[in-house]
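Asks: I'd like to go over a predicted model; first the sequence, then the structure.
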Amino acid sequence: MARCRSYLRGLAICVTVLLMASGVVMIGVGFSSIDGNIPVAVLFNQLSSSDGLLVLQVFGPITVLLSVLGVCAASLDLKPLLLVFSALILVEFVALMVVASPLVHVQAQMSGAVDEVFLNVTPLHRAERFIQSQLNKLQASDSCCGLRSFEDWDNQLPVSCLCSPTPPTSDLQLSSRPGNWSSEGTCVMVERDLYPPTPQSTDKLWVHSEPCGPVLKSYLSFPLKLRIGIISAYATIAMAAIALCLALGLEEYWKTPPVETTVDDYNRVKYQPKPSLT
């Protein structure tokens, strides 16, 4: 029993240290500037990209302070302090779940809000020069064109949309579609009667077939997914810490008391608790 209790105590200390580490991560992410790396961020000024930051900034330091209390209580084997720590972590856990629950709703609505932004800014050739410049950089770096498709540029395709198609290795790789364009690999061929000639084109005009919208959505959703992941990890560690510290703090209620046996003069066996050394 003593060995089992020693393992339980060591596990409680390790889990509480992990809880402290999660608090440090919450502080780091809460005060970092991940949102500043979003391309064409000016398009999404009306969208709230700071959801969850205040949650991490507030609950991160609280988690670190309570974890220090828990490590001290588990290391010194102070049962009343273990119970206090468990109660405080439980209160913090419930408060964090209540405050952070709207983040899941925000994540579900983000895709629709971004699609509405894409719809309002098209056609892209009429957008602000700064937005066009940022989009051109994104299109050149990620081999995409437009927000929903290359048709977002209307009849003013920029040079960053042009691409060089790879020759097909089989007849199945080359597919033709009815209408005014055909596809080959990651590029599509646009009819010259729809788009003006460019210096890079001869008899065919090839543009990137992939839109940039999904790329921008991934940039936008990453910070929110990161915050939700950190909060989920904290919740798992906090529940484990609460269970272990409660088990140590309430040890006298679940631990079987030591019993000693004695035999009297009539060979009768008597069982009685061992006297406590304290």
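Replies: Nice, thanks for sending it over.
Asks: Centre of the chain to stretch 226-236, how far?
Replies: Computed by CA atoms, centre = their mean, to the nearest Å, the separation of stretch 226-236 from the middle of its chain amounts to 7 Å.
Asks: Identify the residues contacting it?
Replies: 19, 22-23, 25-26, 29, 34, 51-53, 55-56, 59, 63, 93, 96-97, 100, 103-104, 107 (CB atoms under 8 Å, 6 or more residues apart in numbering). Glycine gets a C-beta too; all of them are placed from N, C-alpha and C.
Asks: Can you select the buried ones among the residues you listed for me in PyMOL?
Replies: Only the buried members of the contacts of stretch 226-236 enter the following PyMOL selection, criterion being 16 or more other CB atoms under 10 Å:
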select buried, resi 19+22+23+25+26+29+51+52+53+55+56+59+63+93+96+100+103+107
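Asks: confidence score at Ile38?
Replies: Ile38 carries a pLDDT score of 64 in this model.
Asks: how about the strands of this protein, start to end?
Replies: Counting by DSSP state E, residue ranges of the strands within the chain are 174-175, 181-184, 187-190, 205-208, 259-263, 269-273.
Asks: Torsion angles phi and psi at Pro123?
Replies: phi -70, psi 140 (degrees, to the nearest 10).
Asks: my guess is it contacts Leu157, does it?
Replies: No: contact between Pro123 and Leu157 fails when scored by CB atoms under 8 Å: they sit 11.2 Å apart.
Asks: Looking at the two, which is more packed in?
Replies: More neighbours surround Leu157 than the other of Pro123 and Leu157, with 24 against 13 (other CB atoms under 10 Å).
Asks: and the gap between that one and Leu138?
Replies: Distance of Leu157 to Leu138, given as CB to CB, to the nearest Å: 15 Å.
Asks: Repeat that for Asn267.
Replies: 92 Å.
Asks: ditto for Leu65
Replies: Taking CB to CB, one finds Leu65 at 42 Å from Leu138.
Asks: cool, and Leu124?
Replies: Distance, Leu124 to Leu138, by CB to CB: 12 Å.
Asks: With Ala235 instead?
Replies: On the measure of CB to CB, Ala235 and Leu138 end up 36 Å apart.
Asks: between the two, which one's more packed in?
Replies: Neighbour totals were compared for Ala235 and Leu138, and Leu138 leads with 20 against 15 (other CB under 10 Å).
Asks: Could you pull up the contacting residues of Asp154?
Replies: 123-125.
Asks: shaky segments in the stretch 101-250 of the chain?
Replies: 166-185, 191-204 (pLDDT under 70).
Asks: mind running it again at 50?
Replies: Along the stretch 101-250 of the chain, segments meeting pLDDT under 50 span 169-182, 194, 199-201.
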